[in-house]
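Undergrad: I would like to see how this sequence folds:
(2 chains)
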2 protein chains.
Amino acid sequence: MADIPKTHPRYHSLTLRHLITDGLKAGLATEAALLAHGRGEAFYYLLGEKTHDFAHEAIQAASALIVTARHPVFSVNGNTASLAAAALLDLVKAYPRLKVEVNLFYHSPGRSRLIREHLEAVGIPGVLESCAADNVELATIESPRRRMNPEGIAQADVVVVALEDGDRCQALVEAGKQVIAIDLNPLSRTAQLAQVSIVDELTQVIPLLTAQISADLQTDPTSLAERIARYDNRDVLARAIGAIRTGA
Amino acid sequence: MADIPKTHPRYHSLTLRHLITDGLKAGLATEAALLAHGRGEAFYYLLGEKTHDFAHEAIQAASALIVTARHPVFSVNGNTASLAAAALLDLVKAYPRLKVEVNLFYHSPGRSRLIREHLEAVGIPGVLESCAADNVELATIESPRRRMNPEGIAQADVVVVALEDGDRCQALVEAGKQVIAIDLNPLSRTAQLAQVSIVDELTQVIPLLTAQISADLQTDPTSLAERIARYDNRDVLARAIGAIRTGA
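TA: As a prediction, the model looks like this:
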């Protein structure tokens, strides 16, 4: 990665760009990942490049869902692996019950393996890969992304998706799963379809989620259930759209 | 390029994505071009993916500037060459006095030549390349983008830039040139610094500009001068920002 002085006003944004282009060069991400990252940059820019109260609220709901889930899984694609492998390690260290599964929209066995090895190289244990071999597939989508691992997403009640496509999110919701989406575009189908939509930049979100989960491991389950019941994703999305529209 | 059915609701957007990823694979564009394209997609989406009245007004002013210029030049980078070579050919056919010059932010002699050859292969005659050999450089920027061709941008009174970076735009303006920018982000430094900012998608703009220039070749020079004098880029940008903010 090229050296960017930490004092550069665009240090964070440029660092993310380098991570994603390095991910492309390493074969973790595709050209589509760069396009998607650029779209995310534009929405982040319009959001003022900060974590808003609606994102904090969604992170709190996400944490409560994950901590009370029977079988929570974090679905990882090439962008997420390129940008946030180290942050993911801290997350699964804080909450080892959260499984990590590699799932790709543009599936190839080679790239899936490469991403698993990249995650394992940073220290994440027991990384799963989605597969089609066991006839465990999401029925409603035609893409290779319907693949899921029988030990992972197939069994999951709560799935975290980041930088995910709308069809995939819809299929997970229709399969009866609670979906937590991390997505900078509150108007995207993914953000609109998920039960909890965290509208903020991925590498900012994961450490906040990790801290919230660590706190919630000490929180009484009744208040976690109440927090989930109180949570209103429509309101959160409306406030996120408002932030983009008004620039506030 | 992959086959996309023309009936696909995202046909135009997907076609542009394929053109830009093909441009990357052919060596015309860089990874940065894909990120920039993604940012453009997000702004275009927020603009409702249509040509607004403020864009039509800017195109009319741009046409008047180009037709009355002493030495107009269209500055072409890797994105523009990937997306709009055929449209550029129609434009220079309609107005052969408009010179085309290859100018790259991430300059390399090989890529510059490749882009020139790509433009010549579609039929654009006499394509220039920016160069540093003649000590004709824009004084105020440190990037290789300060290069310009002595027969082209160095002599130009009016320069069209598309998908251009802010430093470059600023240097051209400070060198006393009238800059027409085609940029989907009305908040970008490029759009803010140019004298005429066309906030619309490049492949939509060039044919509209070509048609306007063809009409203006028959327009009386006094009314072209009046159109330029009447044009208010601040108002155009304010309306473009308003369209993004309100979604109207």
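Undergrad: So which other helices or strands are in contact with the helix or strand containing A:Tyr45?
TA: According to DSSP states H and E, A:Tyr45 maps onto helix A:31-46. Packed against helix A:31-46 by the contact rule (3 or more Cβ pairs under 8 Å, 6 or more residues apart in numbering or on different chains; DSSP states H and E) you find helix A:11-25, helix A:78-94, helix B:11-25, helix B:31-46. In short, each C-beta sits where N, CA and C put it, glycine included.
Undergrad: Using JSON lines, please lay out the ones you listed together with distance to B:Ile198.
TA: Output for those, formatted as JSON lines (distance: least, Cβ to Cβ, whole Å):
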{"stretch": "helix A:11-25", "distance to B:Ile198": "25"}
{"stretch": "helix A:78-94", "distance to B:Ile198": "31"}
{"stretch": "helix B:11-25", "distance to B:Ile198": "17"}
{"stretch": "helix B:31-46", "distance to B:Ile198": "13"}
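Undergrad: just the residues of chain A that are near chain B, which are they?
TA: Counting by Cβ under 8 Å from any Cβ of the partner chain, chain A comes close to chain B at A:17, A:20-21, A:24, A:31-32, A:34-43, A:45-46, A:185, A:187, A:244-247.
Undergrad: can you list the helices and strands packed on helix A:31-46 in CSV and add distance to B:Ala194 and mean neighbour count?
TA: Shown next, in CSV, are these (distance: least, Cβ to Cβ, whole Å; neighbours: other Cβ atoms under 10 Å in any protein chain shown):
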stretch, distance to B:Ala194, mean neighbour count
helix A:11-25, 23, 18
helix A:78-94, 32, 22
helix B:11-25, 22, 18
helix B:31-46, 16, 23
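Undergrad: Sketch out the low-pLDDT regions of chain A for me.
TA: Regions of chain A meeting the criterion pLDDT under 70 cover residues A:1-3, A:132-146, A:247-248.
Undergrad: Show me where it has its strands.
TA: Assigned by DSSP state E, the strands in chain A fall at A:72-76, A:99-102, A:128-129, A:158-162, A:178-182, A:196-198.
Undergrad: out of the ones you listed, deepest packed?
TA: Comparing the strands of chain A by mean neighbour count (mean count of other Cβ atoms under 10 Å in any protein chain shown), strand A:196-198 ranks first with a mean of 29.
Undergrad: Tell me the strands beside that one, with direction?
TA: Neighbouring strands of strand A:196-198 in its sheet, by DSSP bridges, are strand A:178-182 (parallel).
Undergrad: Now do the partner strand: distance to the chain's middle.
TA: Distance of strand A:178-182 from the chain centroid (Cα atoms, centre = their mean, to the nearest Å) equals 7 Å.
Undergrad: cool, and stretch A:29-42?
TA: Distance, centroid of stretch A:29-42 to centroid of chain: 15 Å (Cα atoms, centre = their mean).
Undergrad: what sits up against it?
TA: Stretch A:29-42 is contacted from outside by A:13, A:16-17, A:20-21, A:23-24, A:77-79, A:81-82, A:105-106, A:163, A:184-185, A:201, B:17, B:20-21, B:24, B:31, B:34-43, B:45, B:185, using Cβ atoms under 8 Å, 6 or more residues apart in numbering or on different chains.
Undergrad: Now the residue sitting nearest the centre point of chain A: closest residue in space, sequence neighbours ignored.
TA: When Cα atoms, centre = their mean is applied to chain A, the residue found nearest the centroid is A:Ala162 (2.3 Å). Residue nearest to A:Ala162 in three dimensions, not counting chain neighbours: A:Ile182, with 4.1 Å by Cβ to Cβ, 6 or more residues apart in numbering or on different chains.
Undergrad: OK, now which residue of chain A is nearest to chain B?
TA: Nearest residue of chain A to chain B, counting by Cβ to the nearest Cβ: A:Gly38, 2.1 Å away.
Undergrad: circling back to that earlier point, tell me which of the helices and strands packed on helix A:31-46 sits nearest to B:Ala171.
TA: Of all the helices and strands packed on helix A:31-46, helix B:31-46 sits nearest to B:Ala171, with 18.5 Å by Cβ to Cβ.
Undergrad: so how far is that closest one from its chain's centroid?
TA: 15 Å.
Undergrad: neighbours of the closest residue to A:Leu47 other than its chain neighbours, just the number please.
TA: Nearest residue to A:Leu47 in three dimensions, chain neighbours excluded: A:Ala243, at 5.7 Å (Cβ to Cβ, 6+ apart). Per other Cβ atoms under 10 Å in any protein chain shown, the neighbour tally for A:Ala243 reads 20.
Undergrad: Just the CA coordinates for stretch A:81-90, please, in PDB.
TA: The C-alpha trace of stretch A:81-90 is given here as PDB (Å, rounded to 0.1, in the frame of the first residue of the first chain):
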ATOM      1  CA  ALA A  81     -12.300  -8.900   3.400                       C
ATOM      2  CA  SER A  82     -10.200  -6.200   1.600                       C
ATOM      3  CA  LEU A  83     -11.300  -3.400   3.900                       C
ATOM      4  CA  ALA A  84     -12.000  -4.900   7.300                       C
ATOM      5  CA  ALA A  85     -10.200  -8.200   8.000                       C
ATOM      6  CA  ALA A  86      -8.400  -6.900  11.000                       C
ATOM      7  CA  ALA A  87     -11.600  -5.300  12.500                       C
ATOM      8  CA  LEU A  88     -13.400  -8.600  11.900                       C
ATOM      9  CA  LEU A  89     -10.800 -10.400  13.900                       C
ATOM     10  CA  ASP A  90     -11.400  -8.100  16.900                       C
END
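Undergrad: How far off centre is that stretch?
TA: On Cα atoms, centre = their mean, the centre of stretch A:81-90 falls 11 Å from the chain's centre.
Undergrad: what does it contact?
TA: With Cβ under 8 Å, 6+ apart as the criterion, stretch A:81-90 contacts A:16, A:19-20, A:22-24, A:26, A:28-29, A:33, A:74, A:76, A:80, A:100, A:102, A:115, A:118-119, A:122-124, A:162, A:202-203, A:206-207, A:210.
Undergrad: still on that earlier bit, which residues does the residue nearest to A:Ala162 form a beta bridge with?
TA: For A:Ile182, the beta-bridge partners under DSSP bridges are A:Ala162, A:Ile198.
Undergrad: show me the contacts for it.
TA: Contacts of A:Ile182 (Cβ under 8 Å, 6+ apart): A:160-163, A:198, A:200, A:202, A:205.
Undergrad: what's the closest non-adjacent residue to A:Ile244?
TA: In this structure, A:Ile244 finds its nearest non-sequential neighbour in A:Leu46, 4.7 Å apart by Cβ to Cβ, 6+ apart.
Undergrad: Tell me how many other residues crowd A:Asp220.
TA: A:Asp220: 9 surrounding residues under other Cβ under 10 Å.
Undergrad: Tell me the spacing between it and A:Ala229.
TA: 14 Å (Cβ to Cβ, to the nearest Å).
Undergrad: just to revisit the earlier point, what about the strands of chain A, which gets the closest to A:Ser214?
TA: Closest of the strands of chain A to A:Ser214 is strand A:72-76, at 14.9 Å (criterion: Cβ to Cβ).
Undergrad: and the closest one, what other elements does it pack with?
TA: The contact analysis (3+ Cβ pairs under 8 Å, 6+ apart) places strand A:72-76 against helix A:78-94, strand A:99-102, strand A:158-162.
Undergrad: Within its sheet, name the partner strands of it and how each one runs.
TA: strand A:99-102 (parallel), strand A:158-162 (parallel).
Undergrad: Including distance to B:Glu151, could those go into JSON lines?
TA: Listed next are those as JSON lines, based on distance: least, Cβ to Cβ, whole Å:
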{"stretch": "strand A:99-102", "distance to B:Glu151": "53"}
{"stretch": "strand A:158-162", "distance to B:Glu151": "50"}
